[in-house]
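>>> Give me a 3D structure for the following:
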Amino acid sequence: MELLILLLPVAAASGWLAARRSMRQQQERQCEADMDSAYYRGLNYLVNEQPDKAIDVFVGMLEVNSETVEMHLALGSLFRRRGEVDRAIRIHQNLIARSTLSADQRSQAVLALGNDYMKAGLLDRAEGLFEELVENKRLLQPALTNLKMIFQHEKDWKKSFEVSQRLDLLGEKGEGEDQAHFLCELAEMAIKDSNEISAGSYLKQALEAAPFALRPQLIMAGISEKHGACEEAITRFKQIADQHPNYIGEILQPMSECFRRLQQPSRWIEWLREIYANKQNLQVMLEIASELESSDGADAAIEFLTSELANTPNLKGIHQLIALRMMQQGEHQSQFLQMINQFVERMAARQSAYLCHRCGFTTRTIHWQCPGCRSWGTMLPTDTQ
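Residues are numbered from 1 along each chain as shown. Below you'll find the predicted structure:
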């Protein structure tokens with residue numbers, strides 16, 4: 001009897017614990033059932049194109065269990081991709097307002113809301129959120145990448161350059177080339193303000209960031225030409241031709257001007273023939289034909305073009321050849337030749353001069369930053385051959 005009396009409290013405590021455990025398990029099962037029910041109800045609203053009701057359901061689920069954060073982030077991203085930015089903002093704002101979120105979860109929600117604001121064009125709000133992440137040293141790489149995009153959109157090239165340097169330290173690839181372009185933008189602004197000392201400093205930094213970059217070399221050659229330092233400019237132009245053969249067409253006009261000032265036409269045509277023998281560039285071929293017409297007459301230019309076009313026919317070359325033939329005929333031009341000339345001219349005008357090798361965007365004029373994908377230095381001339 002004494003032993004039974006001693007065991008009674010233990011039995012009572014064991015029963016209470018068992019009952020409590022059973023009740024907790026029952027509550028958890030009920031909670032899970034409610035969660036499943038709410039989840040499928042929210043999906044049903046989405047399927048039936050009732051996104052506002054779906055948002056209400058999913059936000060309500062967060063109050064029951066904060067482990068649904070990932071689902072809310074995914075749902076918000078889905079709305080943003082569909083262009084329903086207001087709904088994405090609503091979801092992510094509700095997430096950030098929850099005090100139960102961990103530091104990592106809140107950072108993910110802040111990044112998502114910043115992306116929503118960027119999509120909506122609210123760049124000042126997005127900038128504030130990304131700077132908050134950078135200050136707290138959370139999700140540094142995506143936050144800095146987005147800040148870089150914002151500063152480029154605002155044409156704040158100094159901040160773009162500084163952010164790019166931080167990304168470079170994080171191991172992001174291709175930042176050196178982007179930094180060179182940001183510094184070139186600053187150099188061109190300085191040139192417009194007649195501050196060539198600052199421009200030279202920016203260009204020097206650009207070549208330090210990307211030693212073989214095309215754009216700073218072009219600007220430096222242009223500065224040399226402007227000041228009459230023709231030999232220096234020619235040296236830079238030749239270096240560009242060697243390092244960036246696809247862009248030879250960009251240097252022909254200013255380079256020919258340098259040789260004209262030096263009164264060395266034979267040296268100019270000699271270089272053209274040399275570079276054409278090595279590179280077979282279409283623009284160089286057309287330039288040689290023009291020089292031959294000026295120095296030796298139309299017959300020499302026609303003979304050269306006819307020979308070259310037999311191997312590598314192209315519209316621009318044919319158009320120049322027809323123009324030379326029409327000039328020879330003078331007032332006695334045949335109607336057929338005029339019709340062919342107009343047809344080839346229209347066809348050549350439809351051709352794009354530059355193509356982005358990353359997104360396929362085409363344009364008639366060079367852009368250092370592709371208007372399509374916003375990448376730097378990806379526009380290539382299409383008429384190199």
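
>>> end-to-end on stretch 77-89?
End-to-end distance for stretch 77-89: 10 Å, by C-alpha to C-alpha, to the nearest Å.

>>> Tell me the buried residues in it?
77, 79-80, 84-85, 87-89 (16 or more other C-beta atoms under 10 Å). In this view, the C-beta of every residue, glycine as well, is placed from N, C-alpha and C.

>>> Repeat that for stretch 154-172.
Within stretch 154-172, the residues that count as buried by 16+ other C-beta under 10 Å are 157, 159-164, 166-168.

>>> Ok, stretch 290-308 next?
290-293, 298, 301-302, 304-305, 308.

>>> For the buried residues of stretch 77-89, give me CSV that also has distance to residue 195 and secondary structure.
As requested, the buried residues of stretch 77-89 are exported to CSV (distance: C-beta to C-beta, whole Å; DSSP: H, G, I helix; E, B strand; the rest coil):
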residue, distance to residue 195, secondary structure
77, 45, helix
79, 48, helix
80, 43, helix
84, 47, coil
85, 41, helix
87, 49, helix
88, 44, helix
89, 43, helix
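
>>> contacts for stretch 265-276?
Contact with stretch 265-276 is made by 238, 241, 248, 255-256, 259-260, 281, 284-285, 287-288, 291-292, 295, as judged by C-beta atoms under 8 Å, 6 or more residues apart in numbering.

>>> Filter those down to just the buried residues.
Among the contacts of stretch 265-276, the ones that count as buried by 16+ other C-beta under 10 Å are 241, 248, 255-256, 259, 281, 284-285, 287-288, 291-292.

>>> Flag the shaky bits of the protein, pLDDT-wise.
Within the chain, the stretches with pLDDT under 70 are 1-43, 45-67, 384-385.

>>> re the thing from before, CSV please, covering the buried residues of stretch 77-89 and showing distance to residue 347.
Below are the buried residues of stretch 77-89 laid out as CSV (distance: C-beta to C-beta, whole Å):
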residue, distance to residue 347
77, 45
79, 46
80, 43
84, 44
85, 43
87, 48
88, 46
89, 49
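
>>> Closest to residue 70 out of those?
residue 77 (10.7 Å; C-beta to C-beta).

>>> State the phi and psi torsions of the closest residue to the closest one other than its chain neighbours.
Spatial nearest neighbour of residue 77, chain neighbours left out: residue 112 (6.6 Å); criterion: C-beta to C-beta, 6 or more residues apart in numbering. Note on residue 112: its backbone torsions stand at phi -60, psi -40 [degrees, to the nearest 10].

>>> ranges for the strands of the stretch 151-300 of the chain?
Ranges of strands in the stretch 151-300 of the chain, per DSSP state E, counting those that start in this stretch: none exist.

>>> And the helices in it?
Ranges of helices in the stretch 151-300 of the chain, per DSSP state H, counting those that start in this stretch, are 157-169, 175-192, 196-209, 214-226, 230-243, 252-262, 265-279, 282-296, 298-311.

>>> export the ones you listed to a markdown table and tack on distance to residue 129?
What follows is the helices of the stretch 151-300 of the chain, written out as a markdown table (distance: least, C-beta to C-beta, whole Å):
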| stretch | distance to residue 129 |
| --- | --- |
| helix 157-169 | 15 |
| helix 175-192 | 23 |
| helix 196-209 | 29 |
| helix 214-226 | 33 |
| helix 230-243 | 41 |
| helix 252-262 | 46 |
| helix 265-279 | 50 |
| helix 282-296 | 48 |
| helix 298-311 | 59 |
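
>>> Could you look up the next helix or strand downstream of the host helix or strand of residue 346?
Residue 346 is part of helix 335-350, with elements assigned from DSSP states H and E. Using DSSP H and E, the next helix or strand after helix 335-350 towards the C-terminus is strand 354-356.
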